[in-house]
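# Predicted structure and sequence below. I'll ask about it afterward.
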Amino acid sequence: MWVKDGSIVVVGTIIKDKYLDGYRIVELKNMANIGLTITRISDYSEIDIKKLITYDECGDVANVRLVYRIIEGTCGALNKYPVIQGDQISNEIIILSKLKDGYKCCNASGKIGILTNKEVINHCKKHGVSNGKLISENGNETIACIDYNKYTVENFTVMELRQAYKSRQG
């Protein structure tokens, strides 16, 4: 999933009375010293998300598209994304970018996590990664982007970003 400054990313599906009611989105901004970060989180109805995709009102919607008027994930099926049902949210994470030694991820609550490769692999095994899949080659495990897309690469290490976020929080 290729994201950039101003990108919008679907991070969850909203279910009401067992039916799809909408999508949760986050808007990303590139900030000095920390790279991509979430500036806004909103819930959109299915109709409003279609308008957002069609008219490109707010920016680039990075991980969904319209195919014959149906919303479709471009980096993993939307049924793999976290489900938001009332105050219950499932635990899958969404990878926003690849770091030198890990990933910048978020959950459906809009919380960013700076995770090492091992932490993302362990999370994938336990809860899933919406836009990634676990690959094992010659005994080495890694996360690959779904549908032959590539993750945005940020030139930070996990340690650098964790320290930068910590210093921003005071």
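Ah, there it is.
# Name the residues of the strand ranked longest in the chain that are buried.
Longest strand in the chain by number of residues (criterion: DSSP state E): strand 19-31. Buried residues in strand 19-31, counted by 16 or more other C-beta atoms under 10 Å: 22-28. Backbone N, C-alpha and C define where each C-beta goes, glycine included.
# Grab the CA positions of that strand and hand them over as CSV.
Extracted in CSV, the C-alpha atoms of strand 19-31 (Å, rounded to 0.1, in the frame of the first residue of the first chain):
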residue,chain,number,x,y,z
TYR,A,19,-24.6,-5.5,8.3
LEU,A,20,-21.9,-3.2,6.9
ASP,A,21,-22.7,0.3,8.0
GLY,A,22,-19.6,2.1,6.9
TYR,A,23,-15.8,2.5,7.2
ARG,A,24,-13.3,4.1,9.5
ILE,A,25,-10.6,6.1,7.8
VAL,A,26,-7.5,7.9,8.9
GLU,A,27,-5.9,10.8,7.2
LEU,A,28,-2.1,10.9,7.1
LYS,A,29,0.4,13.8,7.2
ASN,A,30,4.1,13.8,6.9
MET,A,31,5.6,15.4,10.0
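# Distance of Ile95 relative to Ile70?
Ile95 sits 24 Å away from Ile70, going by C-beta to C-beta, to the nearest Å.
# re earlier: can you spell out which helices and strands pack onto the following helix or strand past the longest strand of the chain?
Later in the chain than strand 19-31, the nearest helix or strand by DSSP states H and E is strand 35-45. Strand 35-45 is packed against strand 19-31, strand 94-98, strand 102-106, with contacts defined by 3 or more C-beta pairs under 8 Å, 6 or more residues apart in numbering; DSSP states H and E.
# Switch those over to TSV; also include mean pLDDT and distance to Glu154.
Formatted as TSV, the helices and strands packed on strand 35-45 follow (pLDDT from 0 to 100; distance: least, C-beta to C-beta, whole Å):
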stretch	mean pLDDT	distance to Glu154
strand 19-31	90	9
strand 94-98	91	5
strand 102-106	93	7
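# Nothing else from me, thank you.
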